[in-house]
Structure formats: structure tokens, C-alpha cells
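Asker: Test case, fold it:
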Amino acid sequence: MRATLLFTAAAVIAGSGAAHAQDYAHQFYPPEEMEQSFEELRHETGGQRQFFFQTDRFEYQVRDDEETLLWDINAWYGGRLNRLWIKSEAEYSFDHGAFEEARVEALWSRAISPYFDVQGGLAHDFEDGNGRTHAVAALQGLAPYWFEVDVSAYLSDRGELTGSAEAEYELLLTQRLILQPRAELAWSAEDIPSLETGAGITSLQAGLRLRYEIVRQFAPYVGVEWTRQLGETADYARAAGVDPESTAIVAGVRVWF
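Answerer: Numbers count the residues shown, from 1 in each chain. Presented below is the predicted three-dimensional model:
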């Protein structure tokens, strides 16, 4: 009987749309049994809870004789509509023996279309003397022509408004060899002298990474990344004796499960 009800529910949804499916089905089956069947159908076609983990970037960088370890990690738990996201980005300098940047974000994500999610939550920067906690609002998803985008705004506990926008694309050279262009733009609504950041667009990154998927879940890669600090942020870098423009050679691994 249950199998018949599930089949009927699926057939009605396919034929007349979910909005009218229950009214139609209730003409033939008891409402309480039909409601239970619809609930099972919703669960089996997207209501399950899942866990996903990915190191989008876990790489060693050499930039102007400076060696750095970088990670960009994403993980989520939930269903198709609601998910809890944990994101982390960090840069560890081998020359200084310390983290130059480290951020962890905890975000609640809600699907607003088949391709985009809105996200909100908290982020914390772990920096000596400059640690900050931020309220976060973000939009993440798959844009037309299969560009992965992630746009975020951060309001710190000191009232500072900053943000970033990232875009990635995957070009399949073969079934296993994939070229991934990536670009990131950062901005600040005001001068933040303690972070040596000026108002306006603060930096621009553009990179290419070529990976080989030994298996889909494990792919080593090599690449190159160009970084340019802009505006007053570049002035801060020059005042500190640092070139605001640099190019890094990278090697790393991309893992997901």
C-alpha cells in the first residue's frame, strides 16, 4: 500500500505540480496516509542530511623568496534548503614562523534558488593585537556559464565594513586534467590603519591552477597567482618597504569527501 501511495504522489507531482498534488491525491486515499507518503517522498528526493568537506586550496607558495602555506577550507552539514557552513582561510609564513592571516566563519545558509544561497553568521580573525569578530552576510552559488561565485560583506565589532568577491571557473582539458582560473577582489569602506588597509578596493588576485584528478576526491595541482594591492593599501605597503605587486608559484592538493 505504501509503495502505491508513494508512486501515486510522485506521478501526481510530475503530472500536475506539487501545489495541486495533495488535493488531487486526497480524492483517492485517506489524508493522513497521503500526508505521510508525501513526507517520505520529500525526504527521499532531497530531505536527507549530508556532510561535505573540501580543501579548495591547500598549497605551498613561493613569492619573492618568501615561503607560505595557505589553506582555504569549506565544510557544510544539512539538506538542500538549509545548511550550516564552516569556512576557514589562513596563511602561515615560514619566514616569520607565524600566521599572517587566519579566519574562521560559521554561517547559516538558505537556498533562494536552485543555484544560489544566502548566508549569514559570524567570523573571527585570529591576529595578534588585531583580532576581530565580524557579522557576515554573503551570497554564494553558481552563476550563468558555470562560474562559482562567493560575495561576502563583514561588519567588525569595531564598526569597520569590509568585503570580498571571488569567482572560479573549471575548464576540462581532459576528464582528469582541469584548468581553474580564479579571481578575488577585496574592499574596505574606510581606512583601517591598524590593518594597513585603505578605503576603496584594497587588493586584487588572479590565478591559474592546473590539477590532475587521480580520483575525483584527490587532485594535486600546480599554478601561478598574481596579487596587487591598490590605492591607499598599496601606499601602506610601500611605506613598509614591501612591493604592492607580487607573483607566486604554487603547488598543492585539492581534497573533498
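Asker: residue contacts, residue 253?
Answerer: Contact analysis of residue 253 by Cβ atoms under 8 Å, 6 or more residues apart in numbering lists 55, 58, 59, 218, 219, 220, 221. Backbone N, C-alpha and C define where each C-beta goes, glycine included.
Asker: try 7 Å
Answerer: Shown in contact with residue 253 (Cβ atoms under 7 Å, 6 or more residues apart in numbering): 58, 219, 220.
Asker: Now, of these, which are buried?
Answerer: Among those, the ones that count as buried by 16 or more other Cβ atoms under 10 Å are 58, 219.
Asker: Show me where the chain dips below the pLDDT cut-off.
Answerer: Residues of the chain that meet the criterion pLDDT under 70 lie in 1-28, 37-38, 41-47.
Asker: Restricted to helices, list the contacts of residue 253.
Answerer: Among the contacts of residue 253, DSSP state H puts none in helices.
Asker: Turn the contacts of residue 253 into a markdown table, including distance to residue 147.
Answerer: What follows is the contacts of residue 253, written out as a markdown table (distance: Cβ to Cβ, whole Å):
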| residue | distance to residue 147 |
| --- | --- |
| 58 | 22 |
| 219 | 20 |
| 220 | 24 |
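Asker: and which of the contacts of residue 253 is nearest to residue 246?
Answerer: residue 58 (20.4 Å; Cβ to Cβ).
Asker: so that closest one makes contact with residue 251?
Answerer: No: using Cβ atoms under 7 Å, residue 58 makes no contact with residue 251, being 10.3 Å away.
Asker: Please enumerate the strands of the stretch 51-200 of the chain.
Answerer: 66-78, 82-93, 98-111, 116-125, 132-143, 147-156, 161-168, 171-172, 177-188, 200-212 (DSSP state E, counting those that start in this stretch).
Asker: Just put those strands in JSON lines and tack on mean neighbour count.
Answerer: Listed next are these as JSON lines, based on neighbours: other Cβ atoms under 10 Å:
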{"stretch": "strand 66-78", "mean neighbour count": "17"}
{"stretch": "strand 82-93", "mean neighbour count": "17"}
{"stretch": "strand 98-111", "mean neighbour count": "16"}
{"stretch": "strand 116-125", "mean neighbour count": "17"}
{"stretch": "strand 132-143", "mean neighbour count": "17"}
{"stretch": "strand 147-156", "mean neighbour count": "17"}
{"stretch": "strand 161-168", "mean neighbour count": "17"}
{"stretch": "strand 171-172", "mean neighbour count": "10"}
{"stretch": "strand 177-188", "mean neighbour count": "18"}
{"stretch": "strand 200-212", "mean neighbour count": "17"}
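Asker: Of the ones you listed, which is nearest residue 239?
Answerer: strand 200-212 (15.0 Å).
Asker: ok and that closest one relative to strand 161-168, angle-wise?
Answerer: If you take axes from the mean of the first three to the mean of the last three Cα atoms, to 10 degrees, strand 200-212 sits at 30 degrees to strand 161-168.
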